[in-house]
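Asks: Structure for the following, please:
(one chain, ligands or ions: 2)
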Amino acid sequence: MPKLRFSALEELLEREPKKVEGTRIPTSDYYGELVFDRSKMKKYLSKEAFQHVIETMEKGTRIDRKMADQIALGMKAWAMENGATHYTHWFHPLTDGTAEKHDAFLTFGEFGSMVESFSGSLLVQQEPDASSFPSGGIRNTFEARGYTAWDVSSSAFIVGTTLCIPTIFVSYTGHALDYKTPLLKAVHAVDKAAVDVCQFFDKNVSKVISNLGWEQEYFLIDEALYNARPDLHLTGRTLMGHSSAKDQQLDDHYFGSIPTRVIAFMEEFEIEAYRLGIPVKTRHNEVAPNQFEVAPIFEEANLANDHNQMVMDVMKRVARKHKFRVLFHEKPFAGINGSGKHNNWSLSTNTGVNLLSPGKNPKSNMQFLTFLVNVLKAVHDNQEILLGSILTASNSHRLGANEAPPSIISAFLGTQISAMLDELETRVSDKKMTPDEKTALKLDIGKIPEILLDNTDRNRTSPFAFTGNRFEFRAVGSSANCASALIVLNTAVANQLKEFKTEVDALIEKGVKKDEAIFQVIKEYITASKNIRFDGDGYSQEWVDEAARRGLANISNVPEAIQSFLMDKSKKLFTENNVFTEVELEARCEVEMEKFAKKIQIEARVLGDLALNHIVPTAVQYMNTLIENVQGLKDVFGDTEDFQDLASDRLDLIKKISNHIKSIKNKTHEMVEARKVANKEDDMTKLAEQYDQNVRPYLDDIRYHIDKLELTVDNAMWPLPKYRELLFAR
Ligand code: ADP
Ligand code: MG
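Replies: Residues are numbered from 1 along each chain as shown. Ligands and ions are numbered 1, 2, ... in the order given. Modelled structure (predicted):
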């Protein structure tokens, strides 16, 4: 094994940046060339078929069967011209990543000949044999049928020689088995609810779009070193490794110049992304060594999420060409920053107005405040579910460290907006306002500056921060499917906007003037959601204490967070807004619990294996050299005072090493026993809880002893690449 470590290090010395081919300037010349977008549809479809697709896209209606055949023909022609031989329905199962099963366009033609064919029915709907995707018991295996159905709102694209058709994935009984179905429903719910509220301000609004701009953080590790770390390979993170003498203390990596090999990688994956119509825009180093970030221009949430999944896939593929591995795990290395995926989220109208951006006059600012306050109230009322949407086995490692995923949800607004809300709260009363009061209030509201982006005011410790024209949900993990968080956020806001409209309408019914009714309900919400607002240091102990006093949820345990989906209020929220049925919620929780337990199980197995088969033998070997040395000294000096004096440190070391070895063996044994007990559980929640409470703690325990050995054992014998090598060799 040390051989692998040292040959990897040698290999690394030879590395040169890969020359990137295919750079074509300007980017706009080839942007989206692998996407069957509107311009290609126009070219490859009959006028009738083209109009039909556009209509289905805009109205969310169903594709007509006859039209589907025409569309499939056009799509196939375009795909074949671009080198595609196969097609696949591409979907987001509840595992990590996306799924695809490729079929060739081929069928038998006349007289045994082969022809390329692709029919409308194959385009629109399919029954992949996908019975092994997690379904939380919704599908019995004997009728393990799930359907994939075309999501017309996200364009088909080509990867390699395969035409990929974005689809939803539902069970035979119509229950969602993926992330996309509920995301589309949540986005629809918020569209409808927000359009209704917009009518108070502007009758021309007929559609509200939920936007997402993700910021994807990741680590890059050299391939040779990666291959010498079975833990990285199998679990995505290092299960052991003493911290490097230097890591991120000096902040010298952040925004520093990007290493040349890395730049080459970035250039190549960006080209691939552009060809796929993914608008990546920003690239830079992140806080930790070998950590980087990519961010696109924001898009409609469903499309943006597809693009995020696609980009992760592209990055994994391109990284290999550059002899890198890309790590999306939230915490590949203990002791340094992990990776997140900030979800920048906003709502905008078909009339081009960002509802979370202050406007130019009192009316548009009233609309802005309405949406802002409703979002705060939604976040306040659904804290636990929001935590449940982001907390996973891997993201939970970021808890407590100086990183945005919190065990407490709070919202940052900045001084200006906070002051505005406080003022509204005191100035609006239940009593009828005098015309003067109303005018004065409106005037003041009109004074909210159009541009709020005050950089000094940006609070990096807040999990949910208002940043001038959007909210930034920072707690999302880097490996996550953004849909998980966005389903909850959009549904919660949709529900809240519905309530808002009902309350305002009720006041208007009672004879209160519209503006005043809006002010009154906003004021009520400001008061009710006040506890969620926090502009201070979200990482401090004071905040934990303060949050407890405020009665905010504090959940750091993954199974508990997942269970928040089954609270009465969650069931009400999701069923009333048609996003999940109760069956779907229960199934999803079961899947999440099982996923959690399995991840811990795998980590425990890998650690046990490495501990007993790699680390202990190495430590024993090193200890033997010490014993030989001591024996030699004794031969030379006899059992004299000189010998005692000379050998004492080695004798100590032998004892220390022996003790660590003993602890590793005992604890590994205990961990195996704990797993055996846990595995007897049939109930997924109990299984997850057992793994969390009785198995997981051993991972840190065992690691502690291994890391101590790493500091002691001869460097030349140590089998696994060390942190300093993983993080600084490039
Ligand atoms: P940061 O300072 O947070 O790193 P960036 O300029 O990198 O900010 O932007 C982060 C992401 O936020 C980008 O994807 C960007 O497109 C997105 N974004 C900007 N404005 C909005 C908005 N109104 N709604 C949603 N996302 C937005
Ligand atoms: Mg950001």
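
Asks: surely Asp103 meets Tyr87?
Replies: Yes. The criterion here is C-beta atoms under 8 Å, and Asp103 meets it with Tyr87 at 6.1 Å. From N, CA and C alone the C-beta is placed, and that goes for glycine too.

Asks: joint contacts of the two?
Replies: Common neighbours of Asp103 and Tyr87 are listed as Leu122 (criterion: C-beta atoms under 8 Å, 6 or more residues apart in numbering).

Asks: which one of these two has more residues nearby?
Replies: Neighbour comparison, Asp103 and Tyr87: the larger count goes to Tyr87, with 25 against 14 (by other C-beta atoms under 10 Å).

Asks: Helix, strand or coil: sort out the more buried one for me.
Replies: strand (DSSP: H, G, I helix; E, B strand; the rest coil).

Asks: ok, and the closest non-adjacent residue to it?
Replies: Nearest non-adjacent residue to Tyr87, counting by C-beta to C-beta, 6 or more residues apart in numbering: Leu163, 4.2 Å away.

Asks: How many residues are close by that neighbour?
Replies: Residues near Leu163, counting by other C-beta under 10 Å: 27.

Asks: what's the span of stretch 347-365 from first residue to last?
Replies: Chord length of stretch 347-365, first to last residue, is 15 Å (C-alpha to C-alpha, to the nearest Å).

Asks: Need the contact partners of it.
Replies: Counting by C-beta under 8 Å, 6+ apart, 190, 194, 198, 201-202, 204-211, 346, 367-368, 371-372, 375, 442-443, 445-446, 448-450, 452, 466, 468-471, 493 sit against stretch 347-365.

Asks: from what I can see Ile209 touches Asp191, true?
Replies: Yes. Ile209 lies in contact with Asp191 (C-beta under 8 Å); the separation is 7.2 Å.

Asks: before we move on, what SS does the residue of the stretch 201-350 of the chain at minimum distance from ligand 1 have?
Replies: Relative to ligand 1, the nearest point of the stretch 201-350 of the chain is Gly213 (2.6 Å; C-beta to the nearest ligand atom). At Gly213 the chain is in strand, as set by three-state DSSP.

Asks: Flag the shaky bits of the stretch 301-450 of the chain, pLDDT-wise.
Replies: 400-402, 404, 450 (pLDDT under 70).

Asks: Quick check: residues of it near ligand 1?
Replies: 344-346, 354 (C-beta under 6 Å from any ligand atom).

Asks: Keep only those of the residues you listed that are in strands.
Replies: Judged by DSSP state E, the subset of those located in strands is 344-346.

Asks: which stretches of the chain have low pLDDT?
Replies: For the chain, counting by pLDDT under 70, the residues that fall below are 1, 128-132, 139-144, 254-255, 400-402, 404, 450-458, 729-730.

Asks: Once you drop chain neighbours, what's closest to the residue nearest the centre of it?
Replies: Nearest to the mean C-alpha position of the chain, by C-alpha atoms, centre = their mean, lies Ala480 at 2.6 Å. Leaving aside its sequence neighbours, Ala480 sits nearest to Lys341 (C-beta to C-beta, 6+ apart; 6.1 Å).

Asks: What residues sit buried inside the strand or helix carrying the one you found?
Replies: Element membership of Lys341, judged by DSSP states H and E, is strand 341-349. For strand 341-349, a neighbour-count test (16 or more other C-beta atoms under 10 Å) marks 341-349 as buried.

Asks: which two in the residues you listed are spaced the farthest apart?
Replies: Pairwise distances across the buried residues of strand 341-349 peak at 26.3 Å for Lys341 and Thr349 (criterion: C-beta to C-beta).

Asks: got a list of contacts for stretch 368-377?
Replies: Contacts of stretch 368-377 (C-beta under 8 Å, 6+ apart): 194, 197, 200-201, 347, 355-359, 411, 413, 417, 420-421, 424, 445, 448, 466, 471, 493, 496-497, 500, 518, 522, 525-526, 528-529, 532-533.

Asks: Okay, and which of these map to strands?
Replies: Those of these lying in strands (DSSP E): 347, 411, 466, 471.

Asks: Would you point out the most distant pair within these?
Replies: Farthest pair in the ones in strands among the contacts of stretch 368-377, by C-beta to C-beta: Leu347 and Ala411, 15.9 Å.

Asks: Domain boundaries for this structure, per the record?
Replies: Taking automatic domain parsing as the reference, the chain has its domains at 31-178, 187-579, 595-728.

Asks: Out of the ones you listed, which gets nearest to Glu11?
Replies: domain 187-579 (4.4 Å).

Asks: and the closest one, how far from the chain's centre?
Replies: 11 Å (C-alpha atoms, centre = their mean, to the nearest Å).

Asks: All further residue positions should be reported with the first residue as 130.
Replies: Will do, 130 is the new start, and the previous item becomes domain 316-708.

Asks: Span of it from start to end?
Replies: The first-to-last residue distance of domain 316-708 comes to 9 Å (C-alpha to C-alpha).

Asks: how many other residues sit next to Gly640?
Replies: So Gly640, with other C-beta under 10 Å, has 8 neighbours.

Asks: same thing with Pro848?
Replies: Neighbour tally, Pro848, other C-beta under 10 Å: 19.

Asks: pretty sure it is in a helix, no?
Replies: No. Counting by three-state DSSP, Pro848 falls outside a helix, being coil.

Asks: I'd assumed Val824 was in contact with Met800.
Replies: Yes. In this structure, Met800 is within contact of Val824 by C-beta under 8 Å, at 6.3 Å.

Asks: Identify the contacts common to the two.
Replies: Counting by C-beta under 8 Å, 6+ apart, the residues touching both Met800 and Val824 are Ala733.

Asks: three-state assignment of the nearest residue to Ala646 once chain neighbours are set aside?
Replies: Nearest non-adjacent residue to Ala646, counting by C-beta to C-beta, 6+ apart: Leu636, 3.7 Å away. What three-state DSSP gives for Leu636 is helix.
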